[in-house]
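Engineer: Here is a sequence with its predicted model. Questions after.
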Amino acid sequence: MKIGLAGLGIMGYRIGANLAKAGKLHLVYNRTERKAEQFSKEYGVKYVKDPIELLKEVDLLITMLADDDAVSNFLTPLIPYSKGKIIIDMSTISPSVSIGIAKKVAENGGFMYDAPVIGTSVFAEQKKLTVLLGGPEEKLDVVKEILSETASTILYMGGNGMGLYAKLVNNLMVGVYVAALAEAYNFGVKAGLKPEDVHKVLALYGSAKSPTSELKIPKMMNNDYSTQFATKHMRKDLEIITKETQNIKVINPLSSIALQLYRVAEAMGHGENDYAAVLEVYRKGNK
Ligand SMILES: NC(=O)c1ccc[n+]([C@@H]2O[C@H](COP(=O)([O-])OP(=O)(O)OC[C@H]3O[C@@H](n4cnc5c(N)ncnc54)[C@H](OP(=O)(O)O)[C@@H]3O)[C@@H](O)[C@H]2O)c1
């Protein structure tokens, strides 16, 4: 089976590396050619400049792109060539957008899966991603086999869009939680507690500690906003959540407030920085 990959960003580059090292990657594509060239040199996998050529040349195509527009713009022209092909989209996008594309792929005789991931670039490098999978049952075995080259856990959630809804459940939680961590951290430090003591409460011994607070509180303490997950991506995911809650008519007061905070962080210049930078909104927001 020939496998292709489109999207060599932070995540896609590492996912591609895992597949290439396993001898399972046939062809890559990236919008900015320089990254494809670099990948090709590093891993000895050919690259193409034309997305249609990419799909024609492979049996299974993995996409790892930025957002709704990127996935729609990239996949829509490929739909007429999707007969018999398997497309696995690992990007975090709107379930409704993904379901719309999947329907058209199915009408053309192809198989589309949404396979967003939990885990940062470090997890991707270590093949320890968790994939939340949605799509038809028909090709599940082969899809899981390929994804296991880059993920340690694959959870099948149901039909098209269900992987993405599951991913958004996770990001709603961490988006609100990291904003709450920033609020609590700022409150503690401004009250006169030593940062390392606030760390003990939030990341080590307190009742709300978690793997996320263990990861993010040290970053907040050190003003280390090197990117594990970008503020712009968290803002995007909370926007998708807000849109989807309107579609299914459920309320989302906490995630809408968190969204405003990440928007401000982005406006302050932290779009590419780690979303722990939401702390800066609190720091600068003080009297
Ligand atoms: N980073 C993380 O820790 C993480 C964790 C879990 C999930 N995710 C999700 O995974 C996805 C990718 O994240 P990332 O961190 O790898 O993002 P990234 O580094 O920004 O890479 C985005 C990729 O999408 C491509 N792209 C953007 N717009 C495009 C368009 N209109 N047409 C074609 N290609 C386009 C970019 O190409 P260029 O190189 O040409 O810009 C690049 O290859 C996102 O949906 C994100 O939410 C990320």
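Structural biologist: Thanks, I have it.

Engineer: which residues touch F123?
Structural biologist: Residues near F123 by CB atoms under 8 Å, 6 or more residues apart in numbering: V117, L129, T130. For glycine as for every other residue, the C-beta is placed from the backbone atoms N, C-alpha and C.

Engineer: rerun at 10 Å
Structural biologist: The contact partners of F123, taken as CB atoms under 10 Å, 6 or more residues apart in numbering, are M11, R14, V117, L129, T130, T150, A151, S152, Q228.

Engineer: quick one, what contacts the residue in the chain that the ligand sits nearest to?
Structural biologist: Closest residue of the chain to the ligand, CB to the nearest ligand atom: G9 (1.9 Å). Residues counted as contacts of G9 (CB under 10 Å, 6+ apart) are I15, N30, R31, T32, K35, M64, L65, A66, A70, S91, S121.

Engineer: Buried ones from those residues, can you make that a PyMOL selection?
Structural biologist: A single PyMOL command suffices to select whichever of these are buried according to 16 or more other CB atoms under 10 Å:
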select buried, resi 15+30+31+35+64+65+66+70+91+121
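
Engineer: between the contacts of G9, which is closest to N171?
Structural biologist: Minimum distance to N171 across these is 12.9 Å, recorded for S91 (CB to CB).

Engineer: Distance check, that closest one against A6.
Structural biologist: Going from S91 to A6 by CB to CB, to the nearest Å gives 10 Å.

Engineer: residues contacting the closest residue to M162 other than its chain neighbours?
Structural biologist: Leaving aside its chain neighbours, M162 sits nearest to G134 (3.8 Å; criterion: CB to CB, 6 or more residues apart in numbering). By CB under 10 Å, 6+ apart, the residues touching G134 are 89, 95, 98-99, 102, 112-116, 156-167.

Engineer: For beta bridges, what are the partners of G134?
Structural biologist: Counting by DSSP bridges, G134 is bridged to D114, G158.

Engineer: I'd like to know how many residues surround S72.
Structural biologist: Neighbours of S72 under the rule other CB atoms under 10 Å: 17.

Engineer: So for the helix or strand that it is a member of, mean pLDDT?
Structural biologist: If you go by DSSP states H and E, S72 is part of helix 68-75. The average pLDDT for helix 68-75 rounds to 98.

Engineer: Does the next helix or strand after it pack against any helices or strands, and if so which?
Structural biologist: Next along the chain after helix 68-75, taking DSSP H and E as the criterion, comes strand 86-89. If you count contacts as 3 or more CB pairs under 10 Å, 6 or more residues apart in numbering; DSSP states H and E, strand 86-89 packs onto strand 3-6, strand 60-63, helix 68-75, helix 95-107, strand 111-114, strand 129-134, helix 140-147, helix 162-190.

Engineer: okay, now the domains of the chain?
Structural biologist: As assigned by automatic domain parsing, the chain contains the domains 3-158, 165-285.

Engineer: thinking again about what came up before, please indicate which of the contacts of F123 are buried?
Structural biologist: Buried subset of the contacts of F123 (neighbour count, 16+ other CB under 10 Å): M11, R14, V117, L129, T130, T150, A151, Q228.

Engineer: The second one and A151 touch, don't they?
Structural biologist: No: using CB atoms under 10 Å, R14 is not in contact with A151, being 11.6 Å away.

Engineer: Return every residue with contacts to both of these two.
Structural biologist: F123, A124, K127, L129.

Engineer: from those residues, which is closest to K21?
Structural biologist: Checking the shared contacts of R14 and A151 one by one against K21 (CB to CB), the nearest turns out to be K127, at 9.5 Å.
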